[in-house]
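S.K.: Build me a structure from this.
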Amino acid sequence: MSHPLIAILIVIGAGSAVATQSPINAALARHLGSGIAAAVVSFGVGFVVLLALAAVLGQAQSLARVPSAAPILLIGGAIGAYFVWAALWAVPILGALTTVSALVLGQMLAALVIDSTGMLGLAVQGITPTRLLAAGLVAGGVMLSRL
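M.R.: Residues are numbered from 1 along each chain as shown. Predicted coordinates:
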């Protein structure tokens, strides 16, 4: 299952899920009266699902190595919490399309830096005019989504 087309299709599915997740979490925030509480519930449910998946796939024992991980490797959850909260906060203001477009633009800009520096051991991939154009087109999409 490591074929690039399969990976692209899985990630497109994940992107569709994120577009759905943000309004669901925003509705939960309205119901609970708190965006932070909604994010806590979202992460709690996600934690339970992932823990069950790790157990079913026989990978729960890997969690025993968490205490030996470098602290920088543990901030992904905090970044995810910011992502979920920012999206659920922005959806009622910007709508789902602009929120997701802006999220994608932010991801692309950060990815350009990550790729160009080889951050965290990734293979270095240069910032090319084509890659800059791709990010620029998404930036244009963010602007057009507000018209």
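S.K.: Could you tell me which residues within the longest helix along the chain count as buried?
M.R.: Ranked by residue count, the top helix of the chain under DSSP state H comes out as helix 4-32. Buried residues in helix 4-32, defined by neighbour count with 16 or more other Cβ atoms under 10 Å: 18-19, 21-23, 25-26, 28-29. C-beta coordinates here come from the backbone N, C-alpha and C atoms, glycine included.
S.K.: Tell me where the protein has helices.
M.R.: Using DSSP H, the helices of the chain run over 4-32, 35-56, 76-94, 96-117, 129-144.
S.K.: Give me the buried positions along the shortest one.
M.R.: By that I understand helix 129-144. Applying a neighbour-count criterion of 16+ other Cβ under 10 Å, the buried positions in helix 129-144 are 131, 135, 138-139, 142.
S.K.: related to what we said a few turns ago, quick one: which of the buried residues of helix 4-32 is nearest to residue 54?
M.R.: Nearest to residue 54, judged by Cβ to Cβ, of these is residue 21 at 20.7 Å.
S.K.: The closest one is in contact with residue 87, isn't it?
M.R.: Yes: using Cβ atoms under 8 Å, residue 21 is in contact with residue 87, at 7.3 Å.
S.K.: helices or strands up against the longest helix of the chain?
M.R.: helix 35-56, helix 76-94, helix 96-117 (3 or more Cβ pairs under 8 Å, 6 or more residues apart in numbering; DSSP states H and E).
S.K.: Averaged pLDDT, the second one. What do you get?
M.R.: It stands for helix 76-94. Mean per-residue pLDDT for helix 76-94: 92.
S.K.: what's the answer for stretch 129-136, then?
M.R.: Averaged across stretch 129-136, the pLDDT comes to 96.
S.K.: Which of the buried residues of helix 129-144 sits closest to residue 51?
M.R.: Nearest to residue 51 among those, with distances taken as Cβ to Cβ, is residue 138, at 34.3 Å.
S.K.: Could you measure from the closest residue to that closest one other than its chain neighbours over to residue 132?
M.R.: Distances taken as Cβ to Cβ, 6 or more residues apart in numbering put residue 105 closest to residue 138, at 4.8 Å, once the chain neighbours are dropped. Going from residue 105 to residue 132 by Cβ to Cβ, to the nearest Å gives 13 Å.
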